[in-house]
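Asks: Below are the sequence and a predicted model for it; my questions follow.
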Amino acid sequence: MSDQPYSIDRSSNSRRKAVEEWLFGLDLVSAEVRDNIVTAWVSSWASSQHERLEDMPFTHSGAFYPLMQHVNEVTRAGVDLARRAAADWGKPLDMDKLVSILILHDVDKPLLYVRDGENLVTSQLYKELPHGVVGAMLLKELGFPHEVVSVVATHATNAPFHASTHEAYVLHYADMFAADHAMLEMGRQPFYQRKH
């Protein structure tokens, strides 16, 4: 077994097809970016203990909520917010960068949350590196632009600092919108109602 948290999987196989069928927004990016996005998810999935995409959890605590659903909700909300940003802020966003950020913000979660029997728990990797960092490492290795890497690395609500690009703002609000939906579906308190 490798001591690396993931390995790059560029093979053309059933995982690629499943990822391509799952992800909303792939049609909004260039062919090269689309291929890299799919490779990132395939690599994370192949390096995880999860047999199916449907088995990947959004979080390790509470009821199960599918990561697949969260990622697509974030992407759809982010694409809508990008339209508002263009209209209201006068700032059109780079769709290759934005959609990459939206789709890939949680690419490391399959490596951080694992099953222990019937329970979802955190992996050893979760105890070594904060959420977002391993995903950013993977994206850097795949050649994603620095802005994509830095936003993914620092997007978690508990990150010590956050990127200050318009794409980062859009991800934050789309992610919190979708995360609160997941929390409500799991019967948990949404982030919006938590005291800091």
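Replies: Yep, it's here.
Asks: Residue 6: neighbour count?
Replies: 23 (other C-beta atoms under 10 Å). For the C-beta atoms, the positions are set from N, CA and C on the backbone; glycine is no exception.
Asks: can I assume it is in contact with residue 107?
Replies: No. Taking contacts as C-beta atoms under 8 Å, residue 6 lies outside contact range of residue 107: 9.4 Å.
Asks: Any regions of this structure where pLDDT drops low?
Replies: 1-2, 196 (pLDDT under 70).
Asks: Output the longest helix belonging to it.
Replies: helix 166-185 (DSSP state H).
Asks: Check which helices and strands it is in contact with.
Replies: helix 67-84, helix 95-104, helix 146-154 (3 or more C-beta pairs under 8 Å, 6 or more residues apart in numbering; DSSP states H and E).
Asks: out of the ones you listed, which comes closest to residue 15?
Replies: helix 67-84 (13.3 Å; C-beta to C-beta).
Asks: Counting by contacts, list what that closest one packs against.
Replies: helix 95-104, helix 166-185.
Asks: hey, which of those is tucked in deepest?
Replies: helix 95-104 (a mean of 26; mean count of other C-beta atoms under 10 Å).
Asks: What about residue 138, how many residues nearby?
Replies: 26.
Asks: Which positions in the helix or strand where it lies come out as buried?
Replies: Using DSSP states H and E, residue 138 maps to helix 133-141. For helix 133-141, burial by neighbour count (16 or more other C-beta atoms under 10 Å) applies to 133-140.
Asks: of all these, which comes closest to residue 192?
Replies: residue 135 (24.3 Å).
Asks: Which neighbouring residues are in contact with residue 125, exactly?
Replies: 5, 111-112, 134 (C-beta atoms under 8 Å, 6 or more residues apart in numbering).
Asks: Pipe the residues you listed into CSV and attach distance to residue 22 per row.
Replies: Converted to CSV, the contacts of residue 125 look like this (distance: C-beta to C-beta, whole Å):
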residue, distance to residue 22
5, 22
111, 18
112, 19
134, 21
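Asks: what's the burial count for the nearest residue to residue 92 once chain neighbours are set aside?
Replies: For residue 92, ignoring the flanking residues on the chain, the nearest one in space by C-beta to C-beta, 6 or more residues apart in numbering is residue 86 at 4.5 Å. The tally of other residues near residue 86 (other C-beta under 10 Å) stands at 13.
Asks: Do I have it right that residue 93 meets residue 82?
Replies: Yes. Proximity of residue 93 to residue 82 meets the contact threshold set by C-beta under 8 Å, at 4.8 Å.
Asks: residue closest to the middle of this protein?
Replies: Nearest to the mean C-alpha position of the chain, by C-alpha atoms, centre = their mean, lies residue 106 at 2.1 Å.
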